[in-house]
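Trainee: Sharing a model that was predicted from the sequence below.
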Amino acid sequence: MISMVEIRDGILLALDSLRNNKFRAGLTILGVLIGTAAVIGMASIIAGLDKMVMNEIETLGSNVLYVTRFAPDVNYDQLTDEERNRKEIDYEAALAIIEGCPSVTAVAPQDYYQAQGGNVVKYKGNQANRPSLFGTLPDYIKVNNRAVARGRFINEFDMDRRAMVCVIGSDVAKALFPYEDPLNKDIRANSRKLRVVGVMEEKPPFLGESDNNFVIIPYSTFEKMYPWEKALFLMVSAESPRMIPQAMDEITTVLRRERGVPYDKPNDFAIWTQENLKEMVNNITQYIYIAMIVISSVGLMVGGVGVMNIMLVSVTERTREIGVRKAIGARRLNIMIQFLTEAMTLSGSGGVLGIFAGLMLAFLAKLIYSMPFTVSILWMIIGFSVSVMVGLGAGLYPAYKAAKVDPIISLRYE
């Protein structure tokens with residue numbers, strides 16, 4: 001029967017060994033520390049990143065649909081020639097959805113232009129850092145749940161007369177107008193003159209990347225400036241989240257008719273929702289968790305080898321002590337328990353230090369990337385438990401070897 005006194009004495013002996021052999025013990029538990037820190041740190045970072053991405057998706061609105069040429073998770077290497085030659089989603093498709101889908105309240109097509117080397121946007125001697133430039137409709141702010149901080153957004157009057165006006169992001173405003181009001185100023189976007197009528201509300205950065213570096217123009221103006229750019233990305237707002245299935249059916253019917261898809265052929269377009277984005281994020285997270293387990297397993301394996309090595313050395317150094325204990329009545333089981341307890345204490349110490357190191361790693365990621373600091377108690381328990389189990393596994397052979405020591409021979413050991 002194993003007594004609590006034996007376990008307590010084993011833990012005290014292990015802690016005494018840590019104090020007396022700090023450098024050797026430190027190297028021994030380093031592998032366990034790294035493995036546990038990898039588990040805790042990466043699990044916390046992944047959870048924080050996942051929460052951050054989900055919050056970002058939620059800001060888009062639960063009633064938003066996306067219409068694109070291909071689904072976001074498509075494997076382009078597996079596409080057939082017919083699929084590769086699909087017709088682009090164009091402005092006619094956007095108009096067809098607006099006119100033929102009663103469950104749809106707003107459509108915001110986006111058509112981007114990227115000049116070679118990046119878009120050049122200037123005002124006097126100031127220049128923005130290669131902002132994106134795209135055309136859209138007045139419903140853009142409604143669908144994207146965004147607001148104008150100063151001035152106004154593009155309107156139907158701008159669309160009708162193909163006005164050379166624009167709404168700029170806060171990054172562009174700071175770069176071009178550090179000391180003056182940007183409203184009603186004329187800027188140069190790829191050598192085209194545009195009048196600033198509004199500045200969008202600043203959006204918090206995502207993973208250190210800003211989403212405020214853009215120039216928005218009316219879609220009709222975009223067509224006039226870049227008539228060869230036809231491919232669109234459509235964001236569609238349904239009346240409510242409850243109406244999304246009906247809106248998807250209506251959009252499917254309208255687009256199949258508008259794009260001339262035969263009744264016996266599959267859709268040559270993709271409609272996806274916020275839930276599809278969340279599912280993609282979850283799938284990616286699963287792969288990251290697998291990578292985390294592999295990385296941490298290597299560290300724990302190295303730590304286990306270190307624990308086994310120091311315990312074998314300890315058995316050799318304490319051969320006479322083992323003989324004395326056996327001579328006064330200690331059984332093999334008592335000796336095994338003592339050395340197993342020491343091994344688990346060593347690896348458990350590495351696990352505790354690894355938990356603190358992992359939390360520091362997660363907190364550092366929070367400071368750098370402004371992501372939520374999410375601590376998983378479950379992963380902390382798993383990390384510590386695995387570290388102790390590593391000590392148990394690594395200590396079995398040294399403990400067995402210690403238990404097999406002949407007391408008569410060991411008493412003569414110097």
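Mentor: It's in.
Trainee: and the top helix by length along the chain, what other elements does it pack with?
Mentor: When the chain is parsed with DSSP state H, its longest helix is helix 274-317. Judged by 3 or more Cβ pairs under 8 Å, 6 or more residues apart in numbering; DSSP states H and E, helix 274-317 is in contact with helix 22-59, helix 332-369, helix 377-403. Every residue, glycine included, has its C-beta placed from N, CA and C.
Trainee: redo that, cut-off 10 Å
Mentor: Contact partners of helix 274-317 among helices and strands, from 3 or more Cβ pairs under 10 Å, 6 or more residues apart in numbering; DSSP states H and E: helix 4-20, helix 22-59, strand 64-68, strand 270-273, helix 319-327, helix 332-369, helix 377-403.
Trainee: between the ones you listed, which one is nearest to Val104?
Mentor: When those are compared by Cβ to Cβ, strand 64-68 sits nearest Val104, at 8.2 Å.
Trainee: Give me the below-cutoff pLDDT ranges for the stretch 1-150 of the chain.
Mentor: 1-11, 13-22, 24, 54, 56-62 (pLDDT under 70).
Trainee: ugh, typo on my part, it should be the stretch 251-400 of the chain
Mentor: In the stretch 251-400 of the chain, residues with pLDDT under 70: 299, 317-319, 322-323, 326, 329-330.
Trainee: Could you rerun that using 80?
Mentor: 274-343, 345-346, 365-376, 378-379, 391-400 (pLDDT under 80).
Trainee: Mind putting the helices and strands packed on helix 274-317 into CSV with mean neighbour count?
Mentor: As requested, the helices and strands packed on helix 274-317 are exported to CSV (neighbours: other Cβ atoms under 10 Å):
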stretch, mean neighbour count
helix 4-20, 14
helix 22-59, 21
strand 64-68, 21
strand 270-273, 18
helix 319-327, 18
helix 332-369, 21
helix 377-403, 20
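Trainee: what about these, which gets the closest to Glu239?
Mentor: Closest approach to Glu239 among these (Cβ to Cβ): strand 64-68, 11.6 Å.
Trainee: which strands and helices sit next to the closest one?
Mentor: helix 91-100, strand 104-113, strand 233-238, helix 244-258, strand 270-273, helix 274-317.
Trainee: Just name the most buried of those.
Mentor: Mean neighbour count (mean count of other Cβ atoms under 10 Å) peaks for strand 233-238 among those, with a mean of 23.
Trainee: The closest residue in space to Ser387 that isn't next to it in sequence and Arg188, how far apart?
Mentor: Among residues not flanking Ser387 along the chain, Gly351 sits closest, at 2.8 Å (Cβ to Cβ, 6 or more residues apart in numbering). Computed as Cβ to Cβ, to the nearest Å, the Gly351 to Arg188 distance reads 60 Å.
Trainee: And for Ala37?
Mentor: To Arg188, Ala37 is 51 Å away according to Cβ to Cβ.
Trainee: excluding its backbone neighbours, what's nearest Ile45?
Mentor: Excluding its sequence neighbours, the residue lying closest to Ile45 (Cβ to Cβ, 6+ apart) is Ala365, at 4.9 Å.
Trainee: cool, Tyr112 as well?
Mentor: Phe134 (4.5 Å).
Trainee: which residues touch that neighbour?
Mentor: Counting by Cβ atoms under 10 Å, 6 or more residues apart in numbering, Phe134 touches 109-114, 140, 214-217, 219, 222, 229, 232-233.
Trainee: cool, Gly350 as well?
Mentor: Contacts here follow Cβ under 10 Å, 6+ apart; on that basis Gly350 touches 25-26, 28-37, 299-300, 303, 306-307, 357, 384, 387-388, 390-391.
Trainee: give me that answer again for 6 Å
Mentor: By Cβ atoms under 6 Å, 6 or more residues apart in numbering, Gly350 lies in contact with Ile29, Val32, Leu33, Ser387.
Trainee: and those as CSV, adding distance to Thr273?
Mentor: CSV is the format used below for the contacts of Gly350 (distance: Cβ to Cβ, whole Å):
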residue, distance to Thr273
Ile29, 48
Val32, 44
Leu33, 43
Ser387, 42
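Trainee: any idea which of those is closest to Arg257?
Mentor: Ser387 (62.0 Å).
Trainee: so the residue lying closest to Tyr226 once chain neighbours are set aside bridges to which residues?
Mentor: Nearest residue to Tyr226, sequence neighbours excluded (Cβ to Cβ, 6+ apart): Tyr113, at 5.0 Å. As for beta bridges, Tyr113 partners with Leu133 under DSSP bridges.
Trainee: Correct me if wrong: Tyr113 contacts Pro131.
Mentor: No: between Tyr113 and Pro131 there is no contact, the gap being 11.0 Å when judged by Cβ atoms under 6 Å.
Trainee: still on that earlier bit, and the helices and strands packed on strand 64-68 as TSV, adding distance to Ala47?
Mentor: Output for the helices and strands packed on strand 64-68, formatted as TSV (distance: least, Cβ to Cβ, whole Å):
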stretch	distance to Ala47
helix 91-100	37
strand 104-113	32
strand 233-238	28
helix 244-258	28
strand 270-273	24
helix 274-317	9
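Trainee: looking at those, which is closest to Lys122?
Mentor: Comparing the helices and strands packed on strand 64-68 under Cβ to Cβ, the one sitting nearest is strand 104-113, at 16.2 Å.
Trainee: Can you spell out which helices and strands pack onto that closest one?
Mentor: helix 91-100, strand 132-136, helix 140-143, strand 233-238 (3 or more Cβ pairs under 6 Å, 6 or more residues apart in numbering; DSSP states H and E).
Trainee: contacting residues for the spatially most central residue of the chain?
Mentor: The centroid of the chain falls nearest to Leu49 when counting by Cα atoms, centre = their mean (4.0 Å). Counting by Cβ under 6 Å, 6+ apart, Leu49 makes contact with Met371.
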